[in-house]
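S.K.: A structural model of the following input is requested.
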Amino acid sequence: MALVMGIDAGTESVRVCLFTLQGHEVATYAVEYPTSFPHNGWAEQHPEEWWISMGACVRTVLDMANCKKENVCALAIDATCCSVVSLGKNGFVLRPCLLWMDTRAAGCAVDIMTLAEGDEALDINCGGKGPLSAEWMIPKALWMKRNEPEIWSRSEVICEKLDYINYRCTGRMCASACNVAARWHFDARAAVTARTGDCKYPGRPLSLLEKIDLLDILEKWPEDVVSVGDRIGSLTAAAAEHLGLSEDTVVVQGGPDAYIGMVGLGCIEPGQVALITGSSHLHLCVHDTSDGTDGDVGRMGVWGLYRGAVTNEISFSEGGQSSTGSTLSWARKLLSGADRYSYSDLDNEAKDIPPGADGLLVLETFQGSRTPLTDSCQRGAIVGLSLSHSRAHLWRALLEGVCFGTRACFESLIAPECAGLPCVLVTGGATRSNFWLQMHADVVGAPVQVNEGSNAPLLGCAIVAMVGMLKGTDHEITLHEAVKRMVRKAKVIHPDMDMHEIYNRIYKKYQQLSPALRSVFHFDS
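M.R.: So this is what the prediction gives:
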(Lines give C-alpha, C1' and ligand atoms only; values in the text may rest on other atoms or scores of the structure.)
Protein backbone atom coordinates (compact mmCIF):
# COMPACT_ATOMS: atom_id res chain seq x y z
CA MET A 1 0.00 0.00 0.00
CA ALA A 2 1.35 3.40 -1.02
CA LEU A 3 1.81 5.82 1.90
CA VAL A 4 2.95 9.41 2.36
CA MET A 5 4.66 10.80 5.44
CA GLY A 6 4.13 14.10 7.19
CA ILE A 7 6.83 15.45 9.51
CA ASP A 8 6.09 18.30 11.91
CA ALA A 9 9.31 19.77 13.34
CA GLY A 10 7.76 21.70 16.21
CA THR A 11 9.15 23.80 19.05
CA GLU A 12 9.59 21.00 21.58
CA SER A 13 9.45 17.83 19.49
CA VAL A 14 9.32 16.28 16.06
CA ARG A 15 6.11 14.43 15.21
CA VAL A 16 5.81 11.98 12.33
CA CYS A 17 2.63 10.53 10.84
CA LEU A 18 2.01 8.06 8.03
CA PHE A 19 -1.10 8.59 5.88
CA THR A 20 -2.82 6.71 3.13
CA LEU A 21 -3.36 8.53 -0.15
CA GLN A 22 -6.95 9.12 1.01
CA GLY A 23 -5.75 11.02 4.08
CA HIS A 24 -6.35 8.36 6.75
CA GLU A 25 -3.82 8.19 9.60
CA VAL A 26 -1.87 4.94 9.83
CA ALA A 27 0.57 5.60 12.68
CA THR A 28 1.98 8.62 14.51
CA TYR A 29 4.73 9.22 17.06
CA ALA A 30 6.68 12.10 18.60
CA VAL A 31 10.22 12.50 19.99
CA GLU A 32 11.25 15.52 22.07
CA TYR A 33 14.46 17.54 21.81
CA PRO A 34 15.95 20.03 24.29
CA THR A 35 15.87 23.83 24.28
CA SER A 36 18.38 26.04 26.09
CA PHE A 37 17.71 29.54 27.41
CA PRO A 38 21.18 31.04 27.95
CA HIS A 39 19.91 34.57 28.69
CA ASN A 40 16.61 36.34 29.25
CA GLY A 41 14.75 36.44 25.94
CA TRP A 42 17.12 33.96 24.26
CA ALA A 43 16.13 30.47 23.09
CA GLU A 44 18.41 28.05 21.25
CA GLN A 45 18.45 24.50 19.92
CA HIS A 46 21.17 22.50 18.22
CA PRO A 47 20.22 21.39 14.69
CA GLU A 48 21.85 17.99 15.15
CA GLU A 49 19.25 17.26 17.85
CA TRP A 50 16.48 17.71 15.27
CA TRP A 51 18.11 15.21 12.95
CA ILE A 52 18.74 12.62 15.67
CA SER A 53 15.15 12.91 16.96
CA MET A 54 13.71 12.76 13.45
CA GLY A 55 15.58 9.54 12.70
CA ALA A 56 14.31 7.87 15.88
CA CYS A 57 10.77 9.09 15.25
CA VAL A 58 10.54 7.95 11.64
CA ARG A 59 11.89 4.49 12.47
CA THR A 60 9.42 4.12 15.34
CA VAL A 61 6.47 5.04 13.12
CA LEU A 62 7.55 2.51 10.51
CA ASP A 63 7.67 -0.17 13.21
CA MET A 64 4.25 0.86 14.55
CA ALA A 65 2.73 0.68 11.06
CA ASN A 66 4.51 -2.60 10.33
CA CYS A 67 5.14 -1.42 6.79
CA LYS A 68 8.07 -1.76 4.41
CA LYS A 69 10.21 1.27 3.76
CA GLU A 70 9.37 1.01 0.07
CA ASN A 71 5.72 1.74 0.89
CA VAL A 72 6.60 5.32 1.86
CA CYS A 73 6.58 7.07 -1.51
CA ALA A 74 7.04 10.68 -0.44
CA LEU A 75 7.41 12.96 2.57
CA ALA A 76 7.06 16.65 3.31
CA ILE A 77 8.07 18.65 6.36
CA ASP A 78 6.66 21.65 8.18
CA ALA A 79 8.63 23.51 10.83
CA THR A 80 8.46 26.47 13.15
CA CYS A 81 9.14 29.63 11.16
CA CYS A 82 12.08 32.00 11.88
CA SER A 83 14.29 29.44 13.60
CA VAL A 84 17.54 30.69 12.04
CA VAL A 85 20.56 28.46 11.33
CA SER A 86 24.15 29.45 10.45
CA LEU A 87 26.21 26.99 8.39
CA GLY A 88 29.86 27.03 7.38
CA LYS A 89 31.71 24.91 4.83
CA ASN A 90 30.12 21.57 3.93
CA GLY A 91 27.00 22.38 5.95
CA PHE A 92 28.84 22.50 9.29
CA VAL A 93 26.72 24.09 12.02
CA LEU A 94 28.56 27.16 13.37
CA ARG A 95 26.35 27.98 16.34
CA PRO A 96 23.10 26.82 17.97
CA CYS A 97 19.94 27.81 16.12
CA LEU A 98 18.21 31.04 17.15
CA LEU A 99 14.77 29.59 17.87
CA TRP A 100 11.65 31.35 16.61
CA MET A 101 10.78 32.59 20.13
CA ASP A 102 14.23 34.14 20.61
CA THR A 103 13.80 37.92 20.94
CA ARG A 104 17.42 39.06 21.35
CA ALA A 105 17.05 40.98 18.06
CA ALA A 106 14.39 43.35 19.43
CA GLY A 107 16.71 46.36 19.13
CA CYS A 108 17.60 45.41 15.57
CA ALA A 109 13.91 45.17 14.69
CA VAL A 110 13.36 48.73 15.91
CA ASP A 111 16.43 49.94 13.97
CA ILE A 112 15.15 48.32 10.78
CA MET A 113 11.79 50.07 11.04
CA THR A 114 13.63 53.38 11.54
CA LEU A 115 16.37 53.00 8.93
CA ALA A 116 14.05 51.56 6.28
CA GLU A 117 10.94 53.59 7.02
CA GLY A 118 8.65 53.65 4.01
CA ASP A 119 10.36 50.74 2.24
CA GLU A 120 7.88 48.71 0.23
CA ALA A 121 9.14 45.43 1.69
CA LEU A 122 7.82 46.51 5.11
CA ASP A 123 4.25 46.86 3.84
CA ILE A 124 3.46 43.36 5.15
CA ASN A 125 4.09 44.68 8.67
CA CYS A 126 0.71 46.31 9.25
CA GLY A 127 0.92 48.42 6.10
CA GLY A 128 4.45 49.59 6.93
CA LYS A 129 3.42 50.95 10.31
CA GLY A 130 5.01 48.04 12.17
CA PRO A 131 6.00 46.64 14.42
CA LEU A 132 8.55 44.27 12.95
CA SER A 133 8.88 41.21 15.16
CA ALA A 134 12.29 40.40 16.59
CA GLU A 135 11.46 36.79 15.75
CA TRP A 136 11.73 37.31 11.98
CA MET A 137 14.65 36.39 9.73
CA ILE A 138 16.15 39.80 8.91
CA PRO A 139 16.33 41.14 12.50
CA LYS A 140 18.02 37.93 13.66
CA ALA A 141 20.48 38.02 10.76
CA LEU A 142 21.30 41.66 11.51
CA TRP A 143 21.87 40.77 15.18
CA MET A 144 24.31 38.03 14.15
CA LYS A 145 26.23 40.40 11.88
CA ARG A 146 26.48 43.08 14.57
CA ASN A 147 27.18 40.86 17.58
CA GLU A 148 28.94 37.79 16.19
CA PRO A 149 31.08 39.15 13.33
CA GLU A 150 33.45 36.16 13.30
CA ILE A 151 30.60 33.66 12.93
CA TRP A 152 28.96 35.94 10.39
CA SER A 153 32.09 36.07 8.23
CA ARG A 154 32.41 32.26 8.36
CA SER A 155 28.74 31.70 7.55
CA GLU A 156 28.29 30.44 4.04
CA VAL A 157 24.58 29.78 4.53
CA ILE A 158 21.97 31.55 6.64
CA CYS A 159 18.77 29.54 6.49
CA GLU A 160 15.84 28.23 8.51
CA LYS A 161 15.16 25.04 10.42
CA LEU A 162 13.08 23.66 7.54
CA ASP A 163 15.84 24.37 5.01
CA TYR A 164 18.43 22.62 7.17
CA ILE A 165 16.32 19.48 7.61
CA ASN A 166 15.52 19.31 3.89
CA TYR A 167 19.25 19.72 3.21
CA ARG A 168 20.05 16.80 5.51
CA CYS A 169 17.43 14.75 3.66
CA THR A 170 18.41 15.55 0.07
CA GLY A 171 21.77 17.32 0.01
CA ARG A 172 20.08 20.30 -1.69
CA MET A 173 20.03 23.69 0.04
CA CYS A 174 16.86 25.58 -0.81
CA ALA A 175 14.33 27.79 0.93
CA SER A 176 10.57 27.39 1.04
CA ALA A 177 8.63 29.99 -0.94
CA CYS A 178 6.12 30.07 1.90
CA ASN A 179 8.75 30.87 4.55
CA VAL A 180 10.46 33.62 2.54
CA ALA A 181 7.10 35.22 1.72
CA ALA A 182 5.85 35.17 5.31
CA ARG A 183 8.98 36.03 7.34
CA TRP A 184 11.90 37.05 5.06
CA HIS A 185 10.21 40.02 3.30
CA PHE A 186 10.54 38.31 -0.11
CA ASP A 187 8.14 38.44 -3.01
CA ALA A 188 8.05 34.67 -3.35
CA ARG A 189 6.25 34.85 -6.68
CA ALA A 190 9.44 36.30 -8.16
CA ALA A 191 11.88 34.48 -5.88
CA VAL A 192 11.02 31.04 -7.28
CA THR A 193 12.30 32.11 -10.71
CA ALA A 194 15.88 31.39 -11.72
CA ARG A 195 18.60 34.00 -11.46
CA THR A 196 19.52 35.76 -14.69
CA GLY A 197 22.18 38.26 -15.69
CA ASP A 198 19.63 41.04 -15.47
CA CYS A 199 18.13 39.87 -12.17
CA LYS A 200 20.63 38.15 -9.91
CA TYR A 201 18.42 38.23 -6.81
CA PRO A 202 14.78 37.88 -7.90
CA GLY A 203 12.17 38.68 -5.27
CA ARG A 204 14.71 39.67 -2.61
CA PRO A 205 14.19 42.91 -0.61
CA LEU A 206 17.25 44.67 -2.05
CA SER A 207 16.25 48.20 -1.07
CA LEU A 208 15.53 47.18 2.51
CA LEU A 209 18.83 45.31 2.86
CA GLU A 210 20.81 48.25 1.47
CA LYS A 211 19.24 50.67 3.97
CA ILE A 212 20.22 48.48 6.94
CA ASP A 213 23.68 47.51 5.62
CA LEU A 214 22.84 43.82 5.18
CA LEU A 215 23.35 43.31 1.44
CA ASP A 216 26.01 40.67 2.16
CA ILE A 217 23.27 38.26 3.28
CA LEU A 218 22.23 37.88 -0.37
CA GLU A 219 25.14 35.47 -0.93
CA LYS A 220 24.38 33.60 2.29
CA TRP A 221 20.66 32.97 1.77
CA PRO A 222 19.84 29.82 -0.23
CA GLU A 223 19.96 30.57 -3.94
CA ASP A 224 17.07 28.23 -4.75
CA VAL A 225 13.54 28.99 -3.57
CA VAL A 226 11.11 26.09 -4.05
CA SER A 227 7.32 26.40 -4.03
CA VAL A 228 5.18 24.38 -1.63
CA GLY A 229 4.31 21.07 -3.28
CA ASP A 230 7.28 21.03 -5.66
CA ARG A 231 9.92 18.31 -5.47
CA ILE A 232 13.21 19.07 -3.76
CA GLY A 233 14.75 15.70 -4.58
CA SER A 234 15.05 12.19 -3.18
CA LEU A 235 16.71 10.96 -0.01
CA THR A 236 20.48 10.64 -0.06
CA ALA A 237 21.94 7.26 0.82
CA ALA A 238 23.03 8.59 4.22
CA ALA A 239 19.61 10.11 4.94
CA ALA A 240 17.80 6.95 3.86
CA GLU A 241 19.97 4.89 6.19
CA HIS A 242 19.42 7.30 9.08
CA LEU A 243 15.65 7.42 8.62
CA GLY A 244 15.11 3.79 7.69
CA LEU A 245 13.50 4.77 4.38
CA SER A 246 14.21 4.04 0.72
CA GLU A 247 16.49 6.25 -1.35
CA ASP A 248 13.59 6.49 -3.79
CA THR A 249 11.48 8.40 -1.26
CA VAL A 250 10.58 11.77 -2.78
CA VAL A 251 11.09 14.85 -0.58
CA VAL A 252 8.56 17.59 -1.33
CA GLN A 253 8.77 21.23 -0.21
CA GLY A 254 6.70 22.17 2.82
CA GLY A 255 6.61 25.38 4.84
CA PRO A 256 5.75 27.00 8.19
CA ASP A 257 3.63 24.88 10.51
CA ALA A 258 0.69 27.32 10.61
CA TYR A 259 0.46 27.71 6.84
CA ILE A 260 0.84 24.03 6.09
CA GLY A 261 -1.81 23.58 8.77
CA MET A 262 -4.08 25.75 6.63
CA VAL A 263 -3.67 23.22 3.83
CA GLY A 264 -4.46 20.41 6.28
CA LEU A 265 -7.62 22.26 7.32
CA GLY A 266 -8.68 22.59 3.70
CA CYS A 267 -8.49 26.37 4.08
CA ILE A 268 -7.08 27.33 0.68
CA GLU A 269 -10.03 28.94 -1.09
CA PRO A 270 -10.30 32.77 -1.29
CA GLY A 271 -12.54 34.09 1.47
CA GLN A 272 -12.00 31.16 3.81
CA VAL A 273 -10.78 31.81 7.36
CA ALA A 274 -9.05 29.61 9.91
CA LEU A 275 -8.47 29.69 13.63
CA ILE A 276 -5.40 27.77 14.81
CA THR A 277 -5.56 27.36 18.58
CA GLY A 278 -2.99 26.40 21.18
CA SER A 279 -0.94 28.45 23.60
CA SER A 280 -1.93 31.36 21.38
CA HIS A 281 -4.59 31.91 18.72
CA LEU A 282 -3.63 32.55 15.09
CA HIS A 283 -6.30 33.93 12.74
CA LEU A 284 -5.77 33.58 9.01
CA CYS A 285 -7.69 34.71 5.95
CA VAL A 286 -7.21 33.50 2.37
CA HIS A 287 -7.08 36.07 -0.43
CA ASP A 288 -7.26 35.68 -4.21
CA THR A 289 -4.03 36.99 -5.76
CA SER A 290 -4.33 35.14 -9.06
CA ASP A 291 -4.41 38.47 -10.92
CA GLY A 292 -1.05 39.48 -9.44
CA THR A 293 -2.46 42.14 -7.11
CA ASP A 294 -1.98 42.18 -3.35
CA GLY A 295 -5.24 43.64 -2.16
CA ASP A 296 -5.60 46.07 0.73
CA VAL A 297 -4.95 44.71 4.20
CA GLY A 298 -2.43 47.26 5.45
CA ARG A 299 -4.13 47.83 8.79
CA MET A 300 -2.88 47.99 12.36
CA GLY A 301 -2.52 44.54 13.83
CA VAL A 302 -2.84 42.75 10.47
CA TRP A 303 0.17 41.11 8.79
CA GLY A 304 0.36 40.30 5.07
CA LEU A 305 -0.50 39.81 2.35
CA TYR A 306 2.34 37.38 1.97
CA ARG A 307 3.17 37.26 -1.72
CA GLY A 308 3.41 33.63 -2.85
CA ALA A 309 2.33 31.93 0.38
CA VAL A 310 1.14 29.22 -0.11
CA THR A 311 0.81 29.48 -3.91
CA ASN A 312 0.89 32.28 -6.47
CA GLU A 313 -2.92 32.08 -6.75
CA ILE A 314 -3.66 32.63 -3.07
CA SER A 315 -2.08 34.61 -0.26
CA PHE A 316 -2.69 34.84 3.47
CA SER A 317 -3.17 37.68 5.91
CA GLU A 318 -2.99 37.05 9.63
CA GLY A 319 -3.76 38.39 13.05
CA GLY A 320 -3.21 36.89 16.45
CA GLN A 321 -3.72 36.69 20.18
CA SER A 322 -0.52 36.12 22.13
CA SER A 323 -1.89 34.29 25.16
CA THR A 324 -5.04 32.19 24.94
CA GLY A 325 -4.49 28.55 25.84
CA SER A 326 -1.48 29.61 27.89
CA THR A 327 -3.72 31.91 29.95
CA LEU A 328 -6.15 29.07 30.58
CA SER A 329 -3.27 26.77 31.56
CA TRP A 330 -2.06 29.38 34.04
CA ALA A 331 -5.56 29.83 35.46
CA ARG A 332 -6.21 26.09 35.76
CA LYS A 333 -3.09 25.65 37.91
CA LEU A 334 -4.09 28.54 40.14
CA LEU A 335 -7.73 27.48 40.48
CA SER A 336 -7.10 23.77 40.93
CA GLY A 337 -4.65 23.79 43.80
CA ALA A 338 -4.03 20.28 45.04
CA ASP A 339 -7.26 19.03 43.45
CA ARG A 340 -5.80 19.09 39.90
CA TYR A 341 -9.05 19.92 38.11
CA SER A 342 -9.14 19.06 34.43
CA TYR A 343 -10.23 21.51 31.75
CA SER A 344 -13.47 19.59 31.34
CA ASP A 345 -14.13 19.79 35.10
CA LEU A 346 -13.82 23.56 34.97
CA ASP A 347 -15.93 23.76 31.80
CA ASN A 348 -18.71 21.79 33.49
CA GLU A 349 -18.73 24.20 36.42
CA ALA A 350 -18.78 27.22 34.10
CA LYS A 351 -21.79 25.91 32.14
CA ASP A 352 -24.03 26.82 35.07
CA ILE A 353 -22.89 30.46 35.01
CA PRO A 354 -24.81 32.89 32.74
CA PRO A 355 -23.13 34.69 29.82
CA GLY A 356 -21.14 37.64 31.09
CA ALA A 357 -20.27 35.76 34.31
CA ASP A 358 -22.43 38.07 36.42
CA GLY A 359 -20.48 41.18 35.46
CA LEU A 360 -17.01 39.66 35.34
CA LEU A 361 -14.86 40.63 32.32
CA VAL A 362 -11.40 39.45 31.29
CA LEU A 363 -8.93 41.18 28.99
CA GLU A 364 -6.96 38.19 27.75
CA THR A 365 -3.77 40.01 26.65
CA PHE A 366 -1.61 38.57 29.45
CA GLN A 367 1.51 38.48 27.23
CA GLY A 368 0.86 41.56 25.14
CA SER A 369 -1.49 42.30 22.28
CA ARG A 370 -1.03 41.57 18.56
CA THR A 371 -4.43 42.26 16.96
CA PRO A 372 -6.25 44.60 16.64
CA LEU A 373 -3.80 46.77 18.61
CA THR A 374 -0.15 45.77 18.54
CA ASP A 375 1.28 46.56 21.97
CA SER A 376 3.88 44.40 23.69
CA CYS A 377 3.35 46.34 26.94
CA GLN A 378 -0.34 45.49 27.21
CA ARG A 379 -1.24 43.02 29.94
CA GLY A 380 -4.28 41.07 31.03
CA ALA A 381 -6.96 42.25 33.41
CA ILE A 382 -9.82 40.76 35.41
CA VAL A 383 -12.46 43.44 35.94
CA GLY A 384 -15.63 43.48 38.01
CA LEU A 385 -14.67 41.03 40.75
CA SER A 386 -16.88 40.84 43.81
CA LEU A 387 -17.11 38.53 46.79
CA SER A 388 -20.03 36.77 45.13
CA HIS A 389 -17.90 35.44 42.27
CA SER A 390 -16.74 31.83 42.31
CA ARG A 391 -14.13 29.78 40.51
CA ALA A 392 -16.77 28.94 37.89
CA HIS A 393 -17.40 32.64 37.24
CA LEU A 394 -13.72 33.30 36.72
CA TRP A 395 -13.27 30.33 34.39
CA ARG A 396 -16.25 31.36 32.25
CA ALA A 397 -14.99 34.95 32.10
CA LEU A 398 -11.58 33.74 30.96
CA LEU A 399 -13.11 31.62 28.19
CA GLU A 400 -15.31 34.52 27.11
CA GLY A 401 -12.38 36.95 27.17
CA VAL A 402 -10.45 34.82 24.69
CA CYS A 403 -13.53 34.58 22.46
CA PHE A 404 -14.04 38.36 22.57
CA GLY A 405 -10.40 38.79 21.55
CA THR A 406 -10.94 36.36 18.69
CA ARG A 407 -13.90 38.41 17.50
CA ALA A 408 -11.76 41.57 17.62
CA CYS A 409 -9.15 39.85 15.45
CA PHE A 410 -11.68 38.72 12.87
CA GLU A 411 -13.18 42.19 12.77
CA SER A 412 -9.73 43.54 11.86
CA LEU A 413 -9.17 40.84 9.24
CA ILE A 414 -12.67 40.72 7.72
CA ALA A 415 -15.05 43.56 8.61
CA PRO A 416 -16.62 45.39 11.58
CA GLU A 417 -19.00 43.20 13.58
CA CYS A 418 -17.59 40.22 11.60
CA ALA A 419 -20.02 41.01 8.76
CA GLY A 420 -19.74 38.34 6.11
CA LEU A 421 -17.57 36.08 8.25
CA PRO A 422 -17.84 32.58 6.76
CA CYS A 423 -17.60 29.27 8.57
CA VAL A 424 -14.40 29.32 10.65
CA LEU A 425 -12.18 26.25 10.27
CA VAL A 426 -10.72 25.43 13.69
CA THR A 427 -7.85 23.20 14.74
CA GLY A 428 -5.78 22.75 17.88
CA GLY A 429 -6.51 22.60 21.59
CA ALA A 430 -9.86 24.42 21.48
CA THR A 431 -11.38 21.55 19.49
CA ARG A 432 -11.24 19.38 22.61
CA SER A 433 -13.92 21.51 24.32
CA ASN A 434 -17.37 21.54 22.72
CA PHE A 435 -18.40 24.12 25.32
CA TRP A 436 -15.65 26.52 24.27
CA LEU A 437 -16.21 25.86 20.55
CA GLN A 438 -19.88 26.77 20.98
CA MET A 439 -18.83 29.93 22.82
CA HIS A 440 -16.54 30.91 19.93
CA ALA A 441 -19.43 30.45 17.50
CA ASP A 442 -21.86 32.41 19.70
CA VAL A 443 -19.48 35.33 20.22
CA VAL A 444 -18.37 35.78 16.58
CA GLY A 445 -21.81 34.92 15.19
CA ALA A 446 -20.55 32.38 12.65
CA PRO A 447 -20.35 28.58 12.41
CA VAL A 448 -17.13 26.82 13.38
CA GLN A 449 -16.01 23.61 11.69
CA VAL A 450 -13.79 20.85 13.04
CA ASN A 451 -12.29 18.26 10.71
CA GLU A 452 -11.30 14.65 11.20
CA GLY A 453 -7.80 14.09 12.59
CA SER A 454 -6.05 15.90 15.37
CA ASN A 455 -3.10 17.50 13.58
CA ALA A 456 -3.75 19.73 10.58
CA PRO A 457 -0.05 20.51 9.91
CA LEU A 458 0.79 16.80 9.59
CA LEU A 459 -2.11 16.22 7.23
CA GLY A 460 -1.07 19.33 5.31
CA CYS A 461 2.40 17.81 4.89
CA ALA A 462 0.85 14.59 3.62
CA ILE A 463 -1.25 16.53 1.11
CA VAL A 464 1.67 18.48 -0.34
CA ALA A 465 3.79 15.30 -0.34
CA MET A 466 1.19 13.56 -2.50
CA VAL A 467 0.93 16.56 -4.83
CA GLY A 468 4.69 16.63 -5.31
CA MET A 469 4.97 12.88 -5.69
CA LEU A 470 2.42 12.82 -8.51
CA LYS A 471 3.64 15.97 -10.28
CA GLY A 472 4.69 15.23 -13.84
CA THR A 473 2.96 11.83 -13.90
CA ASP A 474 -0.26 10.70 -15.55
CA HIS A 475 -1.93 10.94 -12.12
CA GLU A 476 -0.93 14.55 -11.40
CA ILE A 477 -3.37 16.45 -9.18
CA THR A 478 -3.62 20.02 -7.97
CA LEU A 479 -3.38 21.11 -4.36
CA HIS A 480 -7.11 21.85 -4.38
CA GLU A 481 -7.92 18.35 -5.69
CA ALA A 482 -5.68 16.76 -3.07
CA VAL A 483 -7.41 18.73 -0.30
CA LYS A 484 -10.82 17.52 -1.48
CA ARG A 485 -9.56 13.93 -1.43
CA MET A 486 -7.81 13.95 1.95
CA VAL A 487 -9.62 16.47 4.20
CA ARG A 488 -12.91 15.44 5.78
CA LYS A 489 -15.33 17.45 7.88
CA ALA A 490 -16.15 16.01 11.31
CA LYS A 491 -18.70 18.51 12.66
CA VAL A 492 -20.02 22.04 12.34
CA ILE A 493 -21.15 24.02 15.39
CA HIS A 494 -23.67 26.74 14.56
CA PRO A 495 -24.09 29.90 16.64
CA ASP A 496 -27.06 30.38 18.92
CA MET A 497 -28.19 33.77 17.59
CA ASP A 498 -30.08 34.61 20.78
CA MET A 499 -26.85 34.04 22.68
CA HIS A 500 -25.00 36.05 20.05
CA GLU A 501 -27.21 39.08 20.78
CA ILE A 502 -26.42 38.78 24.48
CA TYR A 503 -22.71 38.58 23.72
CA ASN A 504 -22.95 41.63 21.43
CA ARG A 505 -23.85 43.74 24.46
CA ILE A 506 -21.10 42.26 26.61
CA TYR A 507 -18.56 42.65 23.79
CA LYS A 508 -19.12 46.41 23.75
CA LYS A 509 -18.00 46.48 27.40
CA TYR A 510 -14.97 44.30 26.55
CA GLN A 511 -13.96 46.80 23.85
CA GLN A 512 -13.65 49.53 26.49
CA LEU A 513 -11.13 47.62 28.62
CA SER A 514 -7.96 48.08 26.56
CA PRO A 515 -8.31 51.85 25.99
CA ALA A 516 -9.27 52.41 29.63
CA LEU A 517 -6.23 50.51 30.94
CA ARG A 518 -3.60 51.61 28.41
CA SER A 519 -2.19 54.36 30.62
CA VAL A 520 -1.80 51.83 33.44
CA PHE A 521 0.09 49.38 31.23
CA HIS A 522 2.40 52.15 30.03
CA PHE A 523 2.80 53.88 33.39
CA ASP A 524 6.55 53.28 33.62
CA SER A 525 7.35 53.77 29.94
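
S.K.: show me where pLDDT drops low in the stretch 401-525 of the chain?
M.R.: Applying pLDDT under 70 to the stretch 401-525 of the chain flags the ranges 524-525.

S.K.: which stretches of it form strands?
M.R.: 424-428, 448-451, 489-493 (DSSP state E, counting those that start in this stretch).

S.K.: using TSV, lay out the ones you listed together with distance to residue 31 and mean neighbour count.
M.R.: Quick note: C-beta positions are derived from backbone N, CA and C, even for glycine. Shown next, in TSV, are the strands of the stretch 401-525 of the chain (distance: least, C-beta to C-beta, whole Å; neighbours: other C-beta atoms under 10 Å):
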stretch	distance to residue 31	mean neighbour count
strand 424-428	21	24
strand 448-451	26	22
strand 489-493	28	13
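
S.K.: any chance of those strands in CSV, plus distance to residue 285?
M.R.: Formatted as CSV, those follow (distance: least, C-beta to C-beta, whole Å):
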stretch, distance to residue 285
strand 424-428, 10
strand 448-451, 15
strand 489-493, 19
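
S.K.: tell me which of the ones you listed lies nearest to residue 214.
M.R.: Closest of these to residue 214 is strand 424-428, at 35.1 Å (criterion: C-beta to C-beta).

S.K.: hang on, the earlier thing: and of the strands of the stretch 401-525 of the chain, who's closest to residue 348?
M.R.: Set against residue 348 and scored by C-beta to C-beta, those come closest in strand 489-493, at 17.8 Å.

S.K.: check which helices and strands the closest one sits against.
M.R.: With contacts taken as 3 or more C-beta pairs under 8 Å, 6 or more residues apart in numbering; DSSP states H and E, strand 489-493 sits against helix 434-444, strand 448-451.

S.K.: export the ones you listed as TSV, with columns for distance to residue 463.
M.R.: Shown next, in TSV, are the helices and strands packed on strand 489-493 (distance: least, C-beta to C-beta, whole Å):
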stretch	distance to residue 463
helix 434-444	24
strand 448-451	12
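
S.K.: pretty sure residue 389 sits against residue 358.
M.R.: Yes. Contact criterion C-beta atoms under 8 Å: residue 389 and residue 358 qualify, at 6.7 Å.

S.K.: and the two? Which one has more around it.
M.R.: Counted by other C-beta atoms under 10 Å, residue 389 and residue 358 do not tie: residue 389 has more neighbours, with 18 against 15.

S.K.: report how many residues lie close to the nearest residue to that one once chain neighbours are set aside.
M.R.: Among residues not flanking residue 389 along the chain, residue 360 sits closest, at 5.7 Å (C-beta to C-beta, 6 or more residues apart in numbering). For residue 360, the count of nearby residues is 22 (other C-beta under 10 Å).

S.K.: on that earlier part again, quick one: closest of the helices and strands packed on strand 489-493 to residue 501.
M.R.: When the helices and strands packed on strand 489-493 are compared by C-beta to C-beta, helix 434-444 sits nearest residue 501, at 9.6 Å.

S.K.: against which helices or strands is that closest one packed?
M.R.: Helix 434-444 packs on helix 343-350, helix 391-413, strand 424-428, strand 448-451, strand 489-493, helix 497-521, going by 3+ C-beta pairs under 8 Å, 6+ apart.

S.K.: which among these is found nearest to residue 43?
M.R.: Minimum separation from residue 43 across the helices and strands packed on helix 434-444 (C-beta to C-beta) falls at strand 424-428, 21.4 Å.

S.K.: who does that closest one pair up with?
M.R.: Counting by DSSP bridges, the strands paired with strand 424-428 are strand 273-277 (parallel), strand 448-451 (parallel).

S.K.: what helices or strands is the helix or strand following the longest one leaning on?
M.R.: Think strand 273-277. Per DSSP states H and E, the first helix or strand lying C-terminal to strand 273-277 is strand 281-288. Here strand 281-288 touches helix 257-265, strand 273-277, strand 314-321, helix 391-413, going by 3+ C-beta pairs under 8 Å, 6+ apart.

S.K.: and for the second one, what's in contact with it?
M.R.: By C-beta atoms under 8 Å, 6 or more residues apart in numbering, the surrounding residues in contact with strand 273-277 are 258, 261-262, 265, 267, 281-286, 324-325, 406, 410, 413-414, 421-422, 424-431, 440, 448, 456.

S.K.: got the buried residues for that strand?
M.R.: Going by neighbour count (16 or more other C-beta atoms under 10 Å), the buried part of strand 273-277 is 273, 274, 275, 276, 277.

S.K.: for the residues you listed, give me CSV that also has pLDDT and distance to residue 518.
M.R.: Output for these, formatted as CSV (pLDDT from 0 to 100; distance: C-beta to C-beta, whole Å):
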residue, pLDDT, distance to residue 518
273, 94, 28
274, 93, 30
275, 94, 26
276, 90, 28
277, 90, 27
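
S.K.: between the helices and strands packed on strand 281-288, which gets nearest to residue 507?
M.R.: helix 391-413 (5.5 Å).

S.K.: tell me how far the closest one lies from the chain's centre.
M.R.: Put simply, helix 391-413 sits 21 Å off its chain's centre (C-alpha atoms, centre = their mean, to the nearest Å).

S.K.: and stretch 127-143, by the same measure?
M.R.: The answer for stretch 127-143 is 16 Å, by C-alpha atoms, centre = their mean.

S.K.: quick one on the thing from earlier: right, and the residue nearest to residue 389 touches residue 382 too?
M.R.: Yes. With contacts counted by C-beta under 8 Å, residue 360 reaches residue 382, the gap being 7.2 Å.

S.K.: returning to that earlier point: distance to residue 190 added to the helices and strands packed on strand 281-288, as JSON lines?
M.R.: Listed next are the helices and strands packed on strand 281-288 as JSON lines, based on distance: least, C-beta to C-beta, whole Å:
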{"stretch": "helix 257-265", "distance to residue 190": "19"}
{"stretch": "strand 273-277", "distance to residue 190": "26"}
{"stretch": "strand 314-321", "distance to residue 190": "14"}
{"stretch": "helix 391-413", "distance to residue 190": "26"}
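
S.K.: and the ones you listed, which is most packed in?
M.R.: Of all the helices and strands packed on strand 281-288, helix 257-265 carries the top mean neighbour count, a mean of 29, counting by mean count of other C-beta atoms under 10 Å.

S.K.: many thanks, I have nothing further to ask.
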